[in-house]
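In: predicted coordinates and the sequence they were generated for:
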Amino acid sequence: MRRESDMWYRRIVRDARYNDRCRGRRIDATVPFISTERLLELQRNQENKCCYCNVNMQHHERRANPKGLTLERADNSIPHYITNCHLC
């Protein structure tokens, strides 16, 4: 049985916060940060396809899979805000 914390969308949000902090990107609490709800919405809106190559993204074993789903920032100088992210 999978624990809720193992869900890919929760891990991505957790890792995004961690990586932003580790790399010195200050997270402004007044700007909406990426959320699990937004990730699932992006996945639905993109029909689970990469925004660049239109390939179906895989969320199982995503790091080892060349088609593995990942969260990307449009502007790498700012944190993972909702308006700065897409799935690829």
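Out: Great, that's in hand. Not measured: the values here are computed from a predicted model.

In: can you show me the strands along the protein?
Out: Shown for the chain, the strands assigned by DSSP state E span residues 71-73, 85-87.

In: can you tell me the strand partners of the first one and which way each runs?
Out: So the one you mean is strand 71-73. When pairing is defined by DSSP bridges, strand 71-73 lines up against strand 85-87 (antiparallel).

In: ok, now which ones touch Ile27?
Out: For Ile27, the set of contacting residues under the criterion of C-beta atoms under 8 Å, 6 or more residues apart in numbering consists of Arg17, Asp20, Arg21, Phe33, Pro79. In this view, the C-beta of every residue, glycine as well, is placed from N, C-alpha and C.

In: contact partners of stretch 54-71?
Out: When contacts are taken as C-beta under 8 Å, 6+ apart, the neighbours of stretch 54-71 outside the stretch itself are 8, 12, 16, 34, 39, 43, 48-50, 80, 85-88.

In: please enumerate the helices of the protein.
Out: Counting by DSSP state H, the chain has helices at residues 8-22, 36-45.

In: any chance of those helices in CSV, with mean neighbour count too?
Out: Supplementary listing: the helices of the chain in CSV, determined by neighbours: other C-beta atoms under 10 Å:
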stretch, mean neighbour count
helix 8-22, 15
helix 36-45, 15
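
In: want to throw the contacts of Ile27 into a markdown table with pLDDT and distance to Leu71?
Out: As requested, the contacts of Ile27 are exported to a markdown table (pLDDT from 0 to 100; distance: C-beta to C-beta, whole Å):
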| residue | pLDDT | distance to Leu71 |
| --- | --- | --- |
| Arg17 | 96 | 12 |
| Asp20 | 97 | 11 |
| Arg21 | 96 | 16 |
| Phe33 | 98 | 12 |
| Pro79 | 98 | 11 |
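
In: how far away is the closest residue in space to Asp20 that isn't next to it in sequence from Pro32?
Out: What sits nearest to Asp20 in space, not counting adjacent residues and going by C-beta to C-beta, 6 or more residues apart in numbering, is Pro79, at 4.2 Å. From Pro79 across to Pro32, the span is 11 Å (C-beta to C-beta, to the nearest Å).
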